[in-house]
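Trainee: sequence first, predicted model second:
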Amino acid sequence: MSATPLLQVENLQTHLHLRRGVVKAVDGISFEVNEGETLGIVGESGSGKTMTCLSILQLLPIHGGGKIAGSVRLDGEELLQLGEEEMARRVRGPKVAMISQDPMTSLNPVFTVGDQVSRPFLYHKLVKTVRDAMVAAAAGLRRVRIPSPERRLKSYPHQFSGGMRQRVVTAMAIACSPRLLIADEPTTALDVTIQVQIMSLLRSIQNDSKVGIILITHDLSIVAGLCHRIAVMYAGRIIETGKVRDIYRNAQHPYTQALLDAIPHLGRKRRRLAAIPGQPPNLMDLPNGCRFAPRCPRRMAVCDEYPPATDVGGGHTVNCWLAAKQ
Amino acid sequence: MSVTSAPTPVTAADAPLPFFVRFRLKGAPWIPILILVLVLIAAVGGEGLTPHDPNGLNLGAAFKPPFWQAAGTYDYLLGTDNLGRDVLSRIIAGARVSAIVALYAIAFSGAIGTMLGIIAGYFGGIIDTTIIRIAEIKMAIPGLALALIFSATMDPGLSTVVIVIVLTYWTWYCRIIRSEVLSLRERDYVSFAKVAGCGSITIFFRHLLPNIFNTLLVLMTLQVGQVIIFEASLSFLGLGIQAPDTSWGLMLSDARQYITYAWWGITMPGIAIMLTCLSSNLVGDWLRDLLDPKRRQL
Amino acid sequence: MKAIFAKGLLNAAISILGASLIIFVISRLSGDPVSLMLPMEAPQSAIDALKQELGLDRPLWEQYFIFLWKALQGDFGQSYRWQMPALALVFERLPATIYLATAAFAFSLVLAIPLGVLSAVYRGSWIDQIGRIIAMLGQAVPSFWVGLILILVFAVGLQWLPAFGADGVQHVILPAIALGWYPVAAQTRIIRSGMLEVLDSDYIRMGRSVGTPERLLVWKYAFRNALLPLVTIMGVYFASMLSGAFVVETVFAWPGLGRTVVEAVFSRDYPVVQAGVLVTSILFVLSNFLVDLSYSIIDPRIRL
C-alpha cells in the first residue's frame, strides 16, 4: 500500500435541509480507498450509501437542499473546497467517475450512444476533433466488449439491452481513465448472468488501469469476488469495516451478521434480509445511542450510548458494545 | 383483492371530504376572492350601484379623463366615453353580463360535459368511442371559428353567446371527467358496490358524482376566466352582446374608435377583465392544490 | 412509421369530414339557408336558382352530400360582396394569416423557451418569478386587448410602430405580439416543468458525472428532452393562433383570412364564412397531424 491513499474521506456529513426538518443522510463517516483497491460499501437502501458517493462527486439532487461537510481528499487534494466549475472541468471524468444504478435511465434517450460516449474526450481535451472523439468512443466501446462498436455508435440507447447499456455507461465513465470509479449498485437492475459479466468487466478494467473502485451494494454476496475491503453502513454511519475475509469469517456487528445470514448458500435455505425485524430509524430523528439497537436481537442497556470504534485486529473495526466489552 | 366476507364498506371510504370540511383559511388568496366578491356584488346590485345611468348620454361631459388627471372630476371617477357615459357605471353594468354569461355557460357546459364524460368513462366500449369521436370532431373546428359560423346563422345576443360557449367547452369537461371516471371505476369501493348489486344509477349518484365533485369544482372555477375572455372577444367583434346592453368587450369595441383621444376608454374595461380572470384563475389554482395536491397539472 | 402516418391521415380525414357536417348542420339551423346565402335585396329569380342548386326540396342527408360534393370540388358558392368564388377569396387571404400566425408563433417561442429553461434552472429566483407573472397575466387578458394596449403605447403614444395595415416587417410586429402573447404562458410552464423533471434525471446526472459543461447539459442534453412535451401540444397552439387571428386581425386591420371571415359574417356573405371556417378547420387538423409526425422525428424511440 502506498503512503497516501487515493481517496481519503474524513468525517463526511451530508445533511439534507428539507422543509420538514434535517435529514442526516450521511452522518460523519470516514474511510479510505487505495490505488487499485476496491472498497465495497454495503447496507440497506436508505442507509446513505448513494448519498456518500454523490457527495464525493458533489452531485446531490439540485433542489434537495443538501449540505456537505467534512473532508474528501483525492491524491491529497481537498475536493470539497473546489467550486462547481473546477469539479466539472478537472475532477469529474478524468479523476472520479460514476456508474449509476439503473442502466435504463442513465443514458439520454434522444442522443446517440456515440454522442454520449465521445463527448467526455472532448470536454477534457483528450482529443481535438469530433471525428477523433468518435474513434476514441469506438475504442471505449470495444474495451467494454461491445461487438462492432463503430456501427453501434450510431444507435440510440433504446436499441440496446440492459446489460449492453450498462456497458455503455461503463465506457462513458472510464472514457477519461479516472483514478477512482464509483459503481452504485451497477448490477441491481440486471439478470444474474449479466451481473457476473459486468462484475468481471469491472475487475478486468481494474487490472488494466489500477483504478480505485467504490462498489455500492445492498447484497453482500456480490462483493466477495471483487472487493478487497468492505464497509457496512447503517443509518448514515459506517458500523463495521475490514478486509473481506475478516468480515465474512468474523463479523462482529449483529447487523453485519444478519446481512451475512441473508446470503443464500448451497445446501442452506435462503433467508431474506426481511429476517431482521423492524425498520431502519427515521433519519430526521435518530436515536442517541447505537442506531441499530431498536432492531438488535442482542441489545444491552449500554446501547443507549453510541458505541466507540473497536479494533478487533488487522484493520477490522466495529462500532458495537459487544466487541468493545471483550 | 379477495371478496370473501360480505362487502360491507360500500360507503365511499376513500372518497375525499367535501371541500368546505377541509377548507383551510390559511394561505387562501384573499385579494382575488375579494375581487370576485366585488364583481358578484356589482353583478347582483346592477343599476342600483352605478353612480350614473350606464346608458345616460351627456355629450357635454364627453371624454372626461379619470379623476386623478387635471381635467378629471370626482363625479366621473374613471372618466367618460365619447357620448359622455360614465365608464365606472358601465363597467359595473358590464359585470352583470359577464356574470350571467359565466353562470349559464359554466352550468350548461359543465353539466353536459360531465354527464357525457361519466357515461363514456363508466360504460366504455362503443358508447365511449362514439362520445370521444364526437368530441374530437368538434375540436377540429377552432372555438372562435365555431362561434363565427354560429353567429352568422343565429341572431347575435346573450343566448347565442351562451350556446356558443357551451358548444365549445363541453368537450373540456367531458375528457377530464372521463379519465377521472376511468380510474375511479377500477377502485375497490366501486367494485364492491357492483358486487353488492347496486344498480348503475345508484353507483352513478352515490359513488361517482361525489368523487368527481372536487375536480368539477376546480374546472368550473378555472373556466370563469376563459368564459369572460371568450364573451369579451365575441362582443368586441360585434357578434356577442348587443347595445343597449353593455359588456366589457362591447365597451372595448366602442372605445377602439376613439383610442387616440381617450386612453382610459380601452384601459379600464380591460383591467376589469384582467382582474376578474386573474382572480378566478388564482382561486382555481388554490382550490386545486387544496383539494388534490397530487394532480397539479389539470 | 407508415402505420402511424396512415392512422394519422385517416383520423385527420374523419375530423375534417365531421367538421364539414357540423358546418352544414349549423347552416341549416336557421331554417332558411337561402336567406343566409343571398343578400337581402336579391331578386326572386336568384332565390329560386339557389334553392334549386342546394336541392332544398330533397332530404337533409342528400343536401349534405350535395354540399360535400361541391366542397370537394372547391365550390362553396359565390361571394356576393367580393364578386368572386368564396374559396378563391379564402386562398387569396390565407397567406397573410399564415404569415402572421408564424410570426406570432415565433415570438411566443422566442419568449417562452429562454423563460421556461431559465425558470427551471434558477428555480425560485427572480427570473422564475417573472416567468410566473407573465404566465398569470398571459392567461388573464384577451389577445385583442393586448393588441389595443400595444397600439395605445407603441403606435399612439410612442409612435414607434404602425397600428394598421400590412406593408412591411414593422407592420407585423404588434399583431404578432398580441397574437403570440397567450400561448407564452402555457409554453413557459410546459418547458419549465419538463426541464425540472429532466434536470433531476439519471442521465443528466450521468452527464454531469463525466464533466459535461453545465451550459451543454442544460441547452443541449436536457433541452431536447424537455422539448418533447412542448412539441406534442405545438399543433394545438399554432391552431389556436389561427383561431385568435379572427380577433387580432380585426384589431390591426390585417388583411388576412380572419378579418375577411369576420367581415363576411357582418355582410351576410355566407359562402365566404363557410369556406373560411372549413379551411381554418382543415389547417387546424393538418397542423396537429404534422406535429404528430414531427414528434416521431425528435424522439428516436418512436422512429421505426
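Mentor: Alright, I've got the coordinates. Numbers count the residues shown, from 1 in each chain, chains lettered A, B, ... in the order given.
Trainee: give me the nearest residue to residue 18, chain neighbours excluded.
Mentor: Using chain A here. The shortest distance from A:Leu18 to any residue that is not its chain neighbour, by Cβ to Cβ, 6 or more residues apart in numbering or on different chains, is 5.8 Å, and that residue is A:Gly65. Using the backbone N, CA and C atoms, a C-beta is placed for each residue, glycine as well.
Trainee: that's the wrong chain, I meant chain C
Mentor: Once its chain neighbours are removed from consideration, C:Gly18 has its nearest residue in B:Ile137; the separation is 3.0 Å (Cβ to Cβ, 6+ apart).
Trainee: report the distance from the helix or strand hosting that neighbour to the chain centre.
Mentor: Using DSSP states H and E, B:Ile137 sits in helix B:125-139. Between the mean C-alpha location of helix B:125-139 and the chain-wide mean there is a distance of 24 Å, by Cα atoms, centre = their mean, to the nearest Å.
Trainee: so for it, what's the average pLDDT?
Mentor: Rounded to a whole number, the mean pLDDT of helix B:125-139 is 85.
Trainee: from chain A, how far out is B:Ala107?
Mentor: Counting by Cβ to the nearest Cβ, to the nearest Å, the separation of B:Ala107 from chain A is 40 Å.
Trainee: spell out the secondary structure type for that residue.
Mentor: B:Ala107 falls in the helix class when you classify it by DSSP: H, G, I helix; E, B strand; the rest coil.
Trainee: quick check: A:Leu259 touching A:Val42?
Mentor: Yes - A:Leu259 is in contact with A:Val42 according to Cβ atoms under 8 Å; the separation is 6.6 Å.
Trainee: what do the two both touch?
Mentor: Counting by Cβ atoms under 8 Å, 6 or more residues apart in numbering or on different chains, the contacts common to A:Leu259 and A:Val42 are A:220, A:232.
Trainee: before we move on, back to that, who are the contact partners of the residue nearest to A:Leu18?
Mentor: Contacts were defined as Cβ under 8 Å, 6+ apart; by that measure A:Gly65 touches A:16-18.
Trainee: can you tell me which of these has the most neighbours?
Mentor: Among those, the one with the most neighbours (other Cβ atoms under 10 Å in any protein chain shown) is A:Leu16, at 19 neighbours.
Trainee: what's near enough to touch it?
Mentor: By Cβ under 8 Å, 6+ apart, the neighbours of A:Leu16 are A:22-23, A:25, A:60, A:64-67.
Trainee: and the residue of chain A found nearest chain B, how many neighbours?
Mentor: Ranking the residues of chain A by distance to chain B (Cβ to the nearest Cβ) places A:Arg19 first, at 13.8 Å. The burial metric for A:Arg19, expressed as a neighbour count using other Cβ under 10 Å, is 5.
Trainee: repeat that for A:Pro297.
Mentor: The burial metric for A:Pro297, expressed as a neighbour count using other Cβ under 10 Å, is 9.
Trainee: equivalent analysis for A:Gly162, please.
Mentor: Counted with other Cβ under 10 Å, the neighbours of A:Gly162 add up to 15.
Trainee: the residue of chain A closest to chain B and B:Pro29: what is the separation?
Mentor: Note on A:Arg19: its distance to B:Pro29, by Cβ to Cβ, to the nearest Å, is 21 Å.
Trainee: pLDDT at C:Met84, what is it?
Mentor: With respect to pLDDT, C:Met84 scores 85.
Trainee: what's the answer for B:Val39, then?
Mentor: 82.
Trainee: which residues touch it?
Mentor: Residues counted as contacts of B:Val39 (Cβ under 8 Å, 6+ apart) are B:95, B:98-99, B:276, B:279.
Trainee: let me know the closest of those to chain A.
Mentor: Proximity of these to chain A (Cβ to the nearest Cβ) peaks at B:Ser279, which lies at 27.9 Å.
Trainee: in three-state terms, label A:Lys24 for me.
Mentor: Classification of A:Lys24 by three-state DSSP places it in strand.
Trainee: which intervals of chain B have sub-threshold pLDDT?
Mentor: Within chain B, the set of residues satisfying pLDDT under 70 comprises B:1-27, B:72, B:187-200, B:204, B:292-298.
Trainee: in it, which residue is most central in space?
Mentor: Residue closest to the average C-alpha location in chain B (Cα atoms, centre = their mean): B:Val224, at 2.4 Å.
Trainee: so the residue nearest to C:Gly18 touches C:Ile22, yeah?
Mentor: Yes - A contact is recorded between B:Ile137 and C:Ile22 when judged using Cβ under 8 Å, the distance being 7.0 Å.
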